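1. Provided below are the primary sequence and the corresponding predicted coordinates.
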Amino acid sequence: SQQGEEDPQALSIQEGENATMNCSYKTSINNLQWYRQNSGRGLVHLILIRSNEREKHSGRLRVTLDTSKKSSSLLITASRAADTASYFCATAMNSGGYQKVTFGTGTKLQVIP
Amino acid sequence: NAGVTQTPKFQVLKTGQSMTLQCAQDMNHNSMYWYRQDPGMGLRLIYYSASEGTTDKGEVPNGYNVSRLNKREFSLRLESAAPSQTSVYFCASRDFLTNEQYFGPGTRLTVT
């Protein structure tokens, strides 16, 4: 079963606007990660937030985590056409030496120039 | 430093045929993973290998086998391909310190 559920499934915005994607999950996690996937390519890691962190920034990305609500959001500020891609959240739980990572179904973002 | 490489990029099989998808990483990572990606389903874990010499089933292992040949290489085998295995397959390795997964470019497999 999918641990992470992204919302919305698809998002279309104008260049320069902000894009917000949400992720909800069901069980306890050690960390939550966001990945980007350009069409026909592999996933690229964007940012990781640990379960004891509430907010993290990386360039134009801002991630929040609310463990009480089991939810996270990814904000991309001042979007560019190059941000057009699918974005996936992935929840990670450590079990011994193994990290179980479960991916959501993704949000498809289109940034219109 | 090539990261994670996968071969082939594309493959068409007939039902019942077998094939092996190859994956290699040059980042000295212990953990490696095989996922499949289907439209609207996100990525689902097929098998993983926490370290050289160990492999374990993921969420959807039926119809697949894996081999962790050495620390660099992790292969996925389809013994008797079925149309339900039409998908895009991704291999990944994990950096133990950062927990970041590095993905290969994928293999697009069609089973007719």
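-> Done, it's in.
2. from here on, contacts and neighbour counts on C-alpha atoms
-> Will do.
3. Not counting its neighbours along the chain, what's nearest whichever residue of chain B sits closest to chain A?
-> With C-alpha to the nearest C-alpha as the measure, B:G42 is the residue of chain B nearest to chain A, at 3.9 Å. With sequence-adjacent residues excluded and distances taken as C-alpha to C-alpha, 6 or more residues apart in numbering or on different chains, B:G42 is closest to A:T105, at 3.9 Å.
4. how about that neighbour, phi and psi?
-> As for A:T105, its main-chain torsions (degrees, to the nearest 10) stand at phi -90, psi -10.
5. Just to check, it is in contact with A:P8?
-> No: with contact defined as C-alpha atoms under 8 Å, A:T105 does not reach A:P8; the gap is 10.3 Å.
6. which of the two has more neighbours?
-> The residue with more neighbours, out of A:T105 and A:P8, is A:T105; 26 against 14, by other C-alpha atoms under 10 Å in any protein chain shown.
7. Contacts only, for the residue of chain A found nearest chain B.
-> Closest residue of chain A to chain B, C-alpha to the nearest C-alpha: A:T105 (3.9 Å). Counting by C-alpha atoms under 8 Å, 6 or more residues apart in numbering or on different chains, A:T105 makes contact with A:Q2, A:G4, A:E5, A:E6, A:F88, B:G40, B:M41, B:G42, B:L43.
8. what does stretch A:50-64 contact?
-> Contacts of stretch A:50-64 with the rest of the structure, by C-alpha under 8 Å, 6+ apart, involve A:29-32, A:47, A:49, A:65-67, A:72-78.
9. Highest neighbour count among those residues?
-> A:L32 (26 neighbours).
10. Partner strands of the helix or strand harbouring it, with direction?
-> Applying DSSP states H and E as the criterion places A:L32 in strand A:31-37. Strand A:31-37 pairs in its sheet with strand A:43-50 (antiparallel), strand A:85-95 (antiparallel), by DSSP bridges.
11. Quick check: mean pLDDT of the first one?
-> Which is strand A:43-50. Average pLDDT, strand A:43-50: 95.
12. in that strand, what counts as buried?
-> Buried residues in strand A:43-50, defined by neighbour count with 16 or more other C-alpha atoms under 10 Å in any protein chain shown: A:L43, A:V44, A:H45, A:I47, A:L48, A:I49.
13. Moving C-terminal from that strand, which element do we reach first?
-> Trace forward from strand A:43-50 with DSSP H and E and the next one is strand A:55-58.
14. what ranges of the chain fall below the confidence cut-off?
-> Just going to use chain A. A:1-3, A:96-97 (pLDDT under 70).
15. You answered for a different chain; I wanted chain B.
-> Within chain B, the stretches with pLDDT under 70 are B:1.
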